[in-house]
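> Model the following, please.
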Amino acid sequence: APAWPTAGTPTSPLGPPTYRPPFAPHGPYAGQTPVPQPPPKKPKPPKKPRERSALGAITFSLIFIALGVVCLLDMLGVFGIGASGYFAAALAVIGLGLLVGTWFGRARWLIALGLVSAAALGVATVAESYDRVRGVGGSVTWAPTEHRDLAVRYEQSFADAVLDLRAIDFDQQDTEITVVINFGEATVVVPPNVDVTATAQLTAGDANIFGERRSWGMDNQPRETVDLGADGPGGGKLRLNLHINAGHMEVTR
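Here you go, the predicted model:
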């Protein structure tokens with residue numbers, strides 16, 4: 001009996017069965033024209049490193065120069081500069097550096113330094129407002145009634161000023177007060193029994209401290225006067241730091 005062909009094994013009249021590969025995985029059209037592949041992309045050239053800007057270093061140097069100028073003015077007692085003056089000078093230089101940086105150079109880290117300086121300036125200004133009294137305009141008279149109401153510093157820029165301390169009880173107290181007048185006349189009246197040590201520093205003008213009249217030129221050297229009052233030692237201690245840039249200062253009882 002003839003042998004039936006097995007499924008999947010084709011027969012040939014000229015010879016034994018031949019093997020034919022299956023369609024999968026290439027499919028019936030495998031071996032035809034290949035699909036062209038896109039050419040590989042060229043690697044991007046590395047970015048050229050940016051040159052380091054000198055703006056930051058220049059600004060930082062100018063900050064120290066500005067602080068040195070402010071310190072010199074503070075030592076000379078020209079404007080009665082406090083801690084806020086130093087932070088304000090640094091912040092002004094930083095702002096100038098950032099303004100220049102919008103056209104030339106790069107110094108982004110100055111933004112962080114400026115924020116820190118601005119915060120410090122705000123804190124210093126608030127702190128100084130609690131221990132400083134400044135005349136707004138025209139003649140002014142300060143007359144505190146209790147020791148706790150005393151300010152550390154009294155300052156008048158353009159006009160006359162009177163600081164009346166006669167209502168204060170300085171007994172068993174050790175107090176220090178600074179009085180600054182830039183242009184004008186200032187008078188400090190103290191109680192009869194307090195022990196006073198007055199240190200006057202004048203840029204141009206004169207001072208009359210407990211009846212002793214003294215004049216100073218432009219040497220700006222401090223002069224100290226001690227007056228214990230009619231009762232002698234006792235009655236508390238009061239140190240007056242007097243700064244007169246141009247004008248007259250008088251201390252009396």
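> so for the helix or strand hosting Leu110, what's the average pLDDT?
Here Leu110 sits within helix 109-130, counting by DSSP states H and E. For helix 109-130, mean pLDDT rounds to 73.
> Poorly predicted segments of the protein, please.
Along the chain, segments meeting pLDDT under 70 span 1-36, 48-53, 74-82, 105-107, 124-138, 215-220.
> go again using 50 as the cut-off
Residue ranges of the chain with pLDDT under 50: 1, 3-4, 6-9, 130-131.
> Tell me which stretches of it form helices.
Along the chain, counting by DSSP state H, helices occupy 55-76, 83-101, 109-130.
> Please identify the most buried of those.
Comparing those by mean neighbour count (mean count of other Cβ atoms under 10 Å), helix 83-101 ranks first with a mean of 18. For every residue, glycine as well, the C-beta is placed using N, CA and C.
> Against which helices or strands is it packed?
Using 3 or more Cβ pairs under 8 Å, 6 or more residues apart in numbering; DSSP states H and E, the elements in contact with helix 83-101 are helix 55-76, helix 109-130.
> Now do the first one: which elements does it pack against?
Just to be clear, that refers to helix 55-76. Judged by 3+ Cβ pairs under 8 Å, 6+ apart, the packing partners of helix 55-76 are helix 83-101, helix 109-130.
> and it with helix 83-101, angle?
Angle, helix 55-76 to helix 83-101, by axes from the mean of the first three to the mean of the last three Cα atoms, to 10 degrees: 150 degrees.
> from memory Ile168 sits against Leu150, does it?
Yes: Ile168 is in contact with Leu150 according to Cβ atoms under 8 Å; the separation is 6.7 Å.
> quick one on the thing from earlier: same list, the helices and strands packed on helix 55-76, but as a markdown table with distance to Ile244 please.
A markdown table is the format used below for the helices and strands packed on helix 55-76 (distance: least, Cβ to Cβ, whole Å):
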| stretch | distance to Ile244 |
| --- | --- |
| helix 83-101 | 19 |
| helix 109-130 | 21 |
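> out of those helices, nearest to Pro43?
Each of those was scored for nearness to Pro43 using Cβ to Cβ, and the closest is helix 109-130 (33.1 Å).
> Distance of Glu250 relative to Asp227?
Distance, Glu250 to Asp227, using Cβ to Cβ, to the nearest Å: 13 Å.
> Quickly list what's touching both of those two.
Common contacts of Glu250 and Asp227 (Cβ atoms under 8 Å, 6 or more residues apart in numbering): Ile209.
> picking up where we left off before, of the helices of the chain, which approaches Ala246 most closely?
helix 55-76 (12.9 Å).
> mind saving the C-alpha coords of that closest one as PDB?
Extracted in PDB, the C-alpha atoms of helix 55-76 (Å, rounded to 0.1, in the frame of the first residue of the first chain):
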ATOM      1  CA  LEU A  55      32.100  91.300  39.200                       C
ATOM      2  CA  GLY A  56      31.500  89.300  42.400                       C
ATOM      3  CA  ALA A  57      35.100  89.800  43.600                       C
ATOM      4  CA  ILE A  58      35.000  93.500  42.700                       C
ATOM      5  CA  THR A  59      31.700  94.100  44.500                       C
ATOM      6  CA  PHE A  60      33.000  92.200  47.600                       C
ATOM      7  CA  SER A  61      36.100  94.400  47.700                       C
ATOM      8  CA  LEU A  62      34.000  97.500  47.400                       C
ATOM      9  CA  ILE A  63      31.800  96.400  50.300                       C
ATOM     10  CA  PHE A  64      34.900  96.400  52.500                       C
ATOM     11  CA  ILE A  65      36.000  99.800  51.300                       C
ATOM     12  CA  ALA A  66      32.500 101.200  52.000                       C
ATOM     13  CA  LEU A  67      32.500  99.700  55.500                       C
ATOM     14  CA  GLY A  68      35.900 101.200  56.100                       C
ATOM     15  CA  VAL A  69      34.600 104.700  55.100                       C
ATOM     16  CA  VAL A  70      31.600 104.300  57.400                       C
ATOM     17  CA  CYS A  71      33.800 103.100  60.200                       C
ATOM     18  CA  LEU A  72      36.000 106.200  59.800                       C
ATOM     19  CA  LEU A  73      33.000 108.500  59.800                       C
ATOM     20  CA  ASP A  74      31.700 106.700  62.900                       C
ATOM     21  CA  MET A  75      35.000 107.100  64.700                       C
ATOM     22  CA  LEU A  76      35.000 110.800  63.800                       C
END
